[in-house]
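J.: need a 3D model of the sequence below.
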Amino acid sequence: MKIQGIARVDRKTKNLVKRLQPGDIAIIDHLDLDEVAAESLVAARVKAVINAKSFSSGRYPNLGPRLLAQHGICLLDQAGEELLNRAVEGKPVRIVDNQVEDENGVIIAQGIILTEAMIKDQMAKAEANLIPLAAEFIDNTLKFAQREKSFVLGGVEFPELDTLIQGRHVVVVVRGHNYRPDLHALHSYIREMRPILVGVDGGADALMDIGYKPDLIVGDMDSISDEALLSGAELVVHAYTDGKAPGLARVLDLGLQAKTVAAPGTSEDVALLMTYEHGARLIVAVGTHSNMIDFLEKGRPGMASTFLVRLKIGSLLVDARGVSQLYRVRPNHLHLAQVMIAAAIPLVLLAFMSSPVRQVLRLLLLQVRLAWKR
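T.: All right, here's what the predicted structure looks like:
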């Protein structure tokens, strides 16, 4: 096996995908590759992905490697961190069997080529670890819920917003699993209800990718494009509980203004609770994280703040995750016949109402009668 392409190298996959071009070879440093990162790599149409770490540690059944393999992308596993220094950004590299060569043919790393069968076996072994892992996850969630309960009990001071949310529908978009098709499925709802559109970090780019302009952007601003930040949306930077907000510097460097909110939990939790506190009539969540695997893929050992936020918001929250898979129209022969009949009826009526057409039909009928008498 031999695969050649231009090397793109980054320790952070979310930064790397911004530079990828079709046919590139992505060199990453990503233990337990998550599904959202894998979706970004698939969308970039890379030839291969070389991981300095392990695509799957076996701790839990992460879905990223399987997704890449299903799209025919070559996976070279456990290539070693030295590769990150030896591979040159923008220069050609080759994968020859299980080795990585630079443009001069010098071997700079070697790893393990993952097959779909190997990935399936890894997933099966990881699934056997789910019960003790779930017990640990629940314990962490309950422990941190005790510490973070002030988050939903009025302990966080949210800024006054220029965006008027009171009495409005709100759509909060996170760049999580299946966010693209779910957002497309909400197109009619968004067009008719004109909700406030809130992008959580890269969720703002997700909105812009399909032609929407975010009204409000919430997050630590580390995985969002400059284009989205400059879109004219109101910006709220999620700060640490001590008030430090590293993402604010990036906003100010762009000549923009932003408000800050110091709160525990994730930025999507902050966005959901903030829109609730500002009087949203209904909150629709797209791409949000809501189960154990979601949070493990984000590197979080529990979901305390998410649990507390959803507990408080209650029936005002509609989780649109997976809505695109609820119903898909599959046209059949009966539907086609019905459409053709419906289209033919007005044409027939118009034909009988037209005098020239009636005369032609009478002549045809007369010829049939004469032929029959003969």
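J.: and the contacts of stretch 304-319?
T.: 140-145, 147-149, 151-152, 264-266, 268-269, 272-273, 276, 280-285, 288-290, 295 (Cβ atoms under 8 Å, 6 or more residues apart in numbering). C-betas here are computed from N, CA, C, even on glycine.
J.: kindly recompute the last result at 7 Å.
T.: 141, 144-145, 148-149, 151-152, 264-266, 269, 272-273, 276, 280, 282-285, 288-290 (Cβ atoms under 7 Å, 6 or more residues apart in numbering).
J.: which of those are buried? Put it as a ChimeraX command.
T.: In ChimeraX, this line selects whichever of those come out buried by 16 or more other Cβ atoms under 10 Å:
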select :141,144,145,148,151,152,264,265,266,269,272,273,276,280,282,283,284,285,288,289,290
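J.: what about the helices in the stretch 251-374 of the chain?
T.: Applying DSSP state H, counting those that start in this stretch to the stretch 251-374 of the chain gives helices spanning 267-277, 292-297, 304-313, 333-353, 355-373.
J.: then the third one to CSV, C-alphas only?
T.: It refers to helix 304-313. Extracted C-alpha coordinates of helix 304-313, given in CSV (Å, rounded to 0.1, in the frame of the first residue of the first chain):
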residue,chain,number,x,y,z
ALA,A,304,-23.3,18.1,36.2
SER,A,305,-24.0,21.5,34.8
THR,A,306,-25.9,20.0,31.8
PHE,A,307,-28.1,18.0,34.1
LEU,A,308,-28.9,21.0,36.3
VAL,A,309,-29.6,23.3,33.3
ARG,A,310,-32.0,20.9,31.7
LEU,A,311,-33.6,20.3,35.1
LYS,A,312,-34.3,24.0,35.4
ILE,A,313,-35.4,24.8,31.9
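J.: quick one: Leu183 is in a helix?
T.: Yes. Under DSSP: H, G, I helix; E, B strand; the rest coil, Leu183 falls within a helix.
J.: buried residues, the strand or helix carrying Leu67. List them.
T.: If you go by DSSP states H and E, Leu67 is part of helix 64-70. In terms of neighbour count (16+ other Cβ under 10 Å), helix 64-70 has its buried residues at 64-69.
J.: with stretch 185-194 instead?
T.: Neighbour-count burial for stretch 185-194, with 16+ other Cβ under 10 Å as criterion, is recorded at 185-186, 189-190.
J.: could I get those as a markdown table with distance to Leu326?
T.: Putting the buried residues of stretch 185-194 into a markdown table (distance: Cβ to Cβ, whole Å) gives the following:
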| residue | distance to Leu326 |
| --- | --- |
| Ala185 | 8 |
| Leu186 | 12 |
| Tyr189 | 13 |
| Ile190 | 17 |
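J.: among those, which are located in helices?
T.: Per DSSP state H, helices hold the following members of these: 185, 189-190.
J.: pLDDT below threshold where in the protein?
T.: For the chain, the stretches flagged by pLDDT under 70 are 325, 327-374.
J.: could you rerun that using 80?
T.: For the chain, the stretches with pLDDT under 80 are 144, 290-303, 321-374.
J.: could you break it into its assigned domains?
T.: Per automatic domain parsing, the domain ranges recorded for the chain read 2-126, 131-325.
J.: surely Arg59 forms part of a helix?
T.: No. Counting by three-state DSSP, Arg59 is not found in a helix; it is coil.
J.: pull out the buried residues from stretch 314-322.
T.: 317, 320-321.
J.: dump it to CSV, restricted to CA.
T.: Extracted in CSV, the C-alpha atoms of stretch 314-322 (Å, rounded to 0.1, in the frame of the first residue of the first chain):
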residue,chain,number,x,y,z
GLY,A,314,-37.7,21.8,31.8
SER,A,315,-40.5,21.9,29.2
LEU,A,316,-39.2,25.1,27.6
LEU,A,317,-36.4,23.1,26.0
VAL,A,318,-36.9,21.1,22.8
ASP,A,319,-33.9,18.9,21.9
ALA,A,320,-33.8,18.7,18.2
ARG,A,321,-31.0,16.1,18.1
GLY,A,322,-31.9,13.4,15.6
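J.: in the protein, which strand is the longest?
T.: Ranked by residue count under DSSP state E, the longest strand found in the chain is strand 2-9.
J.: all the helices of the stretch 51-200 of the chain, residue numbers only.
T.: Under the criterion DSSP H, counting those that start in this stretch, the stretch 51-200 of the chain carries helices at the ranges 64-70, 82-86, 116-127, 130-148, 179-185, 187-193.
J.: beta partners for Ile6?
T.: Note on Ile6: beta-bridge partners Pro92, judged by DSSP bridges.
J.: would you check that it makes contact with Pro22?
T.: No. The criterion here is Cβ atoms under 7 Å, and Ile6 misses it with Pro22 at 10.3 Å.
J.: quick revisit: can you put the ones in helices among the buried residues of stretch 185-194 in CSV and add distance to Leu216?
T.: As requested, these are arranged in CSV below (distance: Cβ to Cβ, whole Å):
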residue, distance to Leu216
Ala185, 22
Tyr189, 18
Ile190, 15
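J.: Thr163: which of those is nearest?
T.: Nearest to Thr163, judged by Cβ to Cβ, of these is Ile190 at 16.0 Å.
J.: distance of that closest one from Ile313?
T.: 20 Å (Cβ to Cβ, to the nearest Å).
J.: how about Gly265?
T.: Here Gly265 is placed at a distance of 13 Å from Ile313 (Cβ to Cβ).
J.: then Pro159?
T.: Counting by Cβ to Cβ, the separation of Pro159 from Ile313 is 19 Å.
J.: tell me which of those two has more neighbours.
T.: When neighbours are counted by other Cβ atoms under 10 Å, Pro159 and Ile313 differ, and Ile313 comes out ahead with 18 against 14.
J.: OK, contacts around His177?
T.: Contacts of His177 by Cβ under 7 Å, 6+ apart are 35-36, 287, 294.
J.: surely Val198 touches Leu216?
T.: Yes. Using Cβ under 7 Å, Val198 is in contact with Leu216, at 4.7 Å.
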